[in-house]
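J.: Give me coordinates for this.
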Amino acid sequence: MTIFDVLTLIGGLALFLFGMNIMGSGLEKLSGGKLEGVLERMTNSRIKGLFLGLGVTAIIQSSGAVNVMAVGFVNSGIMQLKQVIGIIMGANIGTTVTAWILSLTGIEGSGVFLQLLKPSSFAPVLALIGVLIIKFANGDKKKNLANIILGFAVLLIGMSTMSSSVSGLKDVPEFTSLLLKFSNPILGLIAGILLTAVLQSSSASVGILQAMTATGAVSVSVAFPIILGMNIGACTPVLISAIGASKNAKRTAFTALALASSGVAVALAAFYGANTLFGLPFLDEQVNATSVAIIHSVFNIFSASVLFPFGGVYEKLMYKIIPDEEGQEQSASSSPLVEERFLLSPAYAIDKVKDRCDEMALLAKKNVNLCLEFIRAYSHTKDEKIKANEKRLDKYEDELETYIIKIGSFDLSFEESLRLGKLSHAIGNFERIGDYGANILKTKRAMHKKKIHFTDEANRELDIMSKAVKEITENAISAFIDDDVELAQTIEPLEQVINNLKAELRALHSKRMDDGECSVETGILFFDIINSFERIADHCSNLAVCIIELSQGTYQTHSYLKQVKKSDNKSFMKNFEMYLNKYSLK
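T.: Reported below is the predicted structural model:
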């Protein structure tokens with residue numbers, strides 16, 4: 001083997017890993033986080049979790065990503081440990097699909113059909129198709145599909161390059177002697193663990209082993225322990241993800257390690273026990289890429305079948321190894337709103353941010369309603385609730401905005417970027433709605449301390465405006481949570497009515513001040529409240545405009561507002577007149 005063969009091997013490995021990365025990224029983007037959402041919603045039984053874990057891993061080609069996601073589910077309280085055990089087992093089986101795809105490089109034969117099945121025949125064509133789609137097609141979905149095709153082609157080309165570069169090693173006695181050492185189960189296990197731990201991917205390490213079979217020096221006795229070691233090494237990303245996580249997340253990570261280690265121990269005992277008793281005749285037979293795929297699949301199916309009934313035992317064992325200690329387990333208030341681990345799937349991470357935004361929206365609405373109840377009479381209990389809610393709104397804004405910045409650092413599709421912008425826009429508006437609610441609280445608190453009261457007429461006017469504010473807040477929050485564009489289109493007319501009310505109330509109260517019915521200090525407090533009302537309505541309008549714009553695939557707020565407020569806009573005028581009559585001061 002010459003230096004040029006070594007360089008070819010390195011180039012083939014680079015192409016192989018790059019192709020796997022491109023293909024995996026394309027699959028993840030094409031799924032749009034839907035697969036992770038399915039995992040979250042449909043793992044109420046271990047058997048269902050196993051099949052879902054298998055299916056999702058087979059599609060996105062990453063057992064590590066699925067297992068790390070499972071740790072995130074547990075750490076955030078979405079799932080319990082017993083629910084994710086099935087996912088972990090299924091992910092281990094699902095990852096064997098890659099080995100079967102790569103086994104195509106081992107196809108032999110001179111027939112036309114067999115020749116067409118060889119990657120050397122169709123991979124260049126696939127690469128060209130992928131490039132042409134990327135170059136000329138429009139739309140993120142088509143480009144994601146092109147990345148999958150191109151990544152798959154590059155992966156196969158890299159695999160073929162590696163295989164051809166090492167084929168000359170079959171004539172090197174030193175290499176054959178080195179491989180024979182790995183027939184020792186302990187050395188083979190260590191080699192498999194280290195290779196996979198370094199690459200952070202069992203699929204990649206299995207692919208490299210498949211390429212090495214081209215030397216003709218890899219026997220069953222060598223491949224078997226290495227493959228088993230790869231399954232333990234595949235736990236490395238999961239263990240890393242559990243650093244700094246809650247005890248439940250640590251239990252999940254160690255469950256993955258315990259399942260892999262137990263499966264390896266059982267398989268080693270069964271395999272070498274059978275060899276001792278009966279003498280397995282195929283130990284020294286050479287393996288090819290297909291043989292490696294078979295060993296990989298049989299081991300993982302065997303391991304899952306044997307260990308599946310003991311899922312409950314592993315759960316109890318983890319609670320004994322990592323017990324709860326009173327006062328030390330991570331509290332709900334200190335846990336992150338959205339798990340960092342979900343960033344493995346940006347589309348799914350955006351879904352989780354939307355869930356938290358929905359919670360923030362409902363909290364903002366709750367605060368507004370409490371503040372509106374405040375208008376007539378001060379309540380110390382409601383005062384404390386509003387202050388506590390305001391702190392929670394600030395926490396939501398700080399954590400979610402930071403998380404959104406992290407998501408934005410990834411390569412997002414146009415739709416995902418728009419959606420992320422909408423969420424960031426909404427978070428700021430929810431926080432400001434909460435702030436203006438707190439302003440009303442401060443005003444009423446000052447009135448309570450100084451024993452200041454509004455006149456009956458002033459209170460009647462505030463009641464009318466507060467009902468309009470309550471309706472616009474509820475409509476804006478509902479439109480945001482449900483992505484209801486039709487409901488969002490009714491908000492701007494109501495916001496205009498509230499602006500009119502503010503002007504009318506300001507004029508009426510100024511007249512009361514001129515007539516001596518109210519003091520200047522009372523007037524200032526009255527103006528503070530109606531200003532806060534109007535600003536809450538403004539932020540509700542901002543939310544509605546954002547929803548409408550993004551439903552059209554654009555984000556040009558000012559152009560929408562110019563269009564919607566035109567006098568010839570029949571829908572706007574109809575809603576405006578309806579709300580004008582509904583909230584008339586007469």
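J.: starting at the chain centroid, how far to stretch 456-476?
T.: Stretch 456-476 has its C-alpha centroid displaced from the chain centroid by 39 Å (C-alpha atoms, centre = their mean, to the nearest Å).
J.: Just the residues contacting it, thanks.
T.: 364-365, 368-369, 372, 375-376, 433, 454, 487-488, 490-491, 494-495, 497-498, 501-502, 505, 508-509, 512, 518, 526, 529-530, 533, 536-537, 540-541, 543-544, 579, 582-585 (C-beta atoms under 8 Å, 6 or more residues apart in numbering). Using the backbone N, CA and C atoms, a C-beta is placed for each residue, glycine as well.
J.: Quick one: residues contacting the nearest residue to Leu13 once chain neighbours are set aside.
T.: Closest residue to Leu13 apart from its sequence neighbours, by C-beta to C-beta, 6 or more residues apart in numbering: Met162 at 6.0 Å. Listed by C-beta under 8 Å, 6+ apart, the contact partners of Met162 are 9, 12-13, 16, 208, 211, 214.
J.: Now a ChimeraX select for only the buried ones of those residues.
T.: A single ChimeraX command selects the buried members of the contacts of Met162 (16 or more other C-beta atoms under 10 Å):
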select :9,12,13,16,208,211,214
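J.: quick check, nearest of the contacts of Met162 to Val154?
T.: Phe16 (8.0 Å; C-beta to C-beta).
J.: Excluding chain neighbours, what is closest to that closest one?
T.: Spatial nearest neighbour of Phe16, excluding adjacent residues (C-beta to C-beta, 6+ apart): Gly158 at 3.2 Å.
J.: Just the element for the one you found, please.
T.: Using DSSP states H and E, Gly158 maps to helix 140-166.
J.: got the buried residues for that helix?
T.: Those would be 140, 143-166, for helix 140-166 by 16+ other C-beta under 10 Å.
J.: now stretch 389-403
T.: By neighbour count on 16+ other C-beta under 10 Å, the buried set for stretch 389-403 is 389-390, 392-393, 396-397, 399-400, 403.
J.: Looking at those residues, which one is closest to Ala270?
T.: Nearest to Ala270 among the buried residues of stretch 389-403, with distances taken as C-beta to C-beta, is Tyr403, at 46.2 Å.
J.: The closest one contacts Leu337, doesn't it?
T.: Yes. The criterion here is C-beta atoms under 8 Å, and Tyr403 meets it with Leu337 at 7.4 Å.
J.: one step back: restricted to helices, list the contacts of stretch 456-476.
T.: Counting by DSSP state H, the contacts of stretch 456-476 place 364-365, 368-369, 372, 433, 487-488, 491, 494-495, 497-498, 501-502, 505, 508-509, 512, 526, 529-530, 533, 536-537, 540-541, 543-544, 579, 582 in helices.
J.: Show the buried residues in those.
T.: 364-365, 368-369, 372, 433, 487-488, 491, 494-495, 497-498, 501-502, 505, 509, 512, 526, 529-530, 533, 536-537, 540-541, 543-544, 579.
J.: how close does Ala234 get to Val520?
T.: 74 Å (C-beta to C-beta, to the nearest Å).
J.: Between the two, which is the more surrounded one?
T.: Ala234 (29 against 8; other C-beta atoms under 10 Å).
J.: residue contacts, that one?
T.: Counting by C-beta under 8 Å, 6+ apart, Ala234 has contacts 63-64, 92, 95, 196, 201-202, 260.
J.: Show me which of those is closest to Leu104.
T.: Thr95 (17.1 Å).
J.: Hmm, Ser205 and that closest one touching each other?
T.: No. Between Thr95 and Ser205 there is no contact under C-beta under 8 Å: 10.6 Å.
J.: Those two: who's more crowded?
T.: Taking other C-beta under 10 Å, Thr95 and Ser205 do not tie; Thr95 has more neighbours (29 against 26).
J.: Next, count neighbours for the closest residue to the more buried one other than its chain neighbours.
T.: What sits nearest to Thr95 in space, not counting adjacent residues and going by C-beta to C-beta, 6+ apart, is Ser63, at 3.9 Å. For Ser63, the count of nearby residues is 33 (other C-beta under 10 Å).
J.: quick one: Ser63 and Gly421, what's the gap?
T.: Counting by C-beta to C-beta, the gap from Ser63 to Gly421 is 33 Å.
J.: for Val218, same thing?
T.: Distance from Val218 to Gly421, by C-beta to C-beta: 52 Å.
J.: Within the helices and strands, which one has the closest residue to Ser183 other than its chain neighbours?
T.: Computed as C-beta to C-beta, 6+ apart, the closest residue to Ser183 that is not its neighbour in sequence is Ser221, at 4.0 Å. Element membership for Ser221 (DSSP H and E) is helix 220-233.
J.: one step back: quick one: which of the contacts of Ala234 sit in helices?
T.: 63-64, 92, 196, 202, 260.
J.: Pick out whichever of those sits closest to Ile322.
T.: Ala260 (17.5 Å).
J.: quick one: average pLDDT of stretch 418-427?
T.: When pLDDT is averaged over stretch 418-427, the result is 90.
J.: Would you mind putting the CA coordinates of it into CSV?
T.: Coordinates of each C-alpha in stretch 418-427 appear next as CSV, following Å, rounded to 0.1, in the frame of the first residue of the first chain:
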residue,chain,number,x,y,z
LEU,A,418,-40.1,33.3,9.0
ARG,A,419,-41.7,31.3,11.8
LEU,A,420,-38.7,32.0,14.1
GLY,A,421,-39.1,35.7,13.4
LYS,A,422,-42.8,35.5,14.2
LEU,A,423,-42.1,33.9,17.5
SER,A,424,-39.4,36.4,18.4
HIS,A,425,-41.8,39.2,17.5
ALA,A,426,-44.6,37.6,19.6
ILE,A,427,-42.4,37.2,22.7
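J.: I'd like the contacts of Met162 as CSV, with pLDDT, secondary structure and distance to Ser417 appended.
T.: Listed next are these as CSV, based on pLDDT from 0 to 100; DSSP: H, G, I helix; E, B strand; the rest coil; distance: C-beta to C-beta, whole Å:
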residue, pLDDT, secondary structure, distance to Ser417
Leu9, 80, helix, 39
Gly12, 83, helix, 35
Leu13, 82, helix, 34
Phe16, 81, helix, 31
Ile208, 86, helix, 36
Ala211, 85, helix, 38
Ala214, 81, helix, 44
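J.: can you put the contacts of Met162 in TSV and add distance to Thr381?
T.: Formatted as TSV, these follow (distance: C-beta to C-beta, whole Å):
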residue	distance to Thr381
Leu9	73
Gly12	70
Leu13	67
Phe16	65
Ile208	66
Ala211	70
Ala214	76
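J.: which among the contacts of Met162 gets closest to Ile227?
T.: Nearest to Ile227 among the contacts of Met162, with distances taken as C-beta to C-beta, is Ile208, at 11.6 Å.
J.: Next up, the contacts around Asp538.
T.: So Asp538 contacts Glu495 (C-beta under 8 Å, 6+ apart).
J.: following the helix or strand hosting Asp351, which helix or strand comes up?
T.: For Asp351, the host element (DSSP H and E) is helix 346-374. Counting by DSSP H and E, the element after helix 346-374 in chain order, helix or strand, is helix 380-408.
J.: This completes my enquiry, with thanks.
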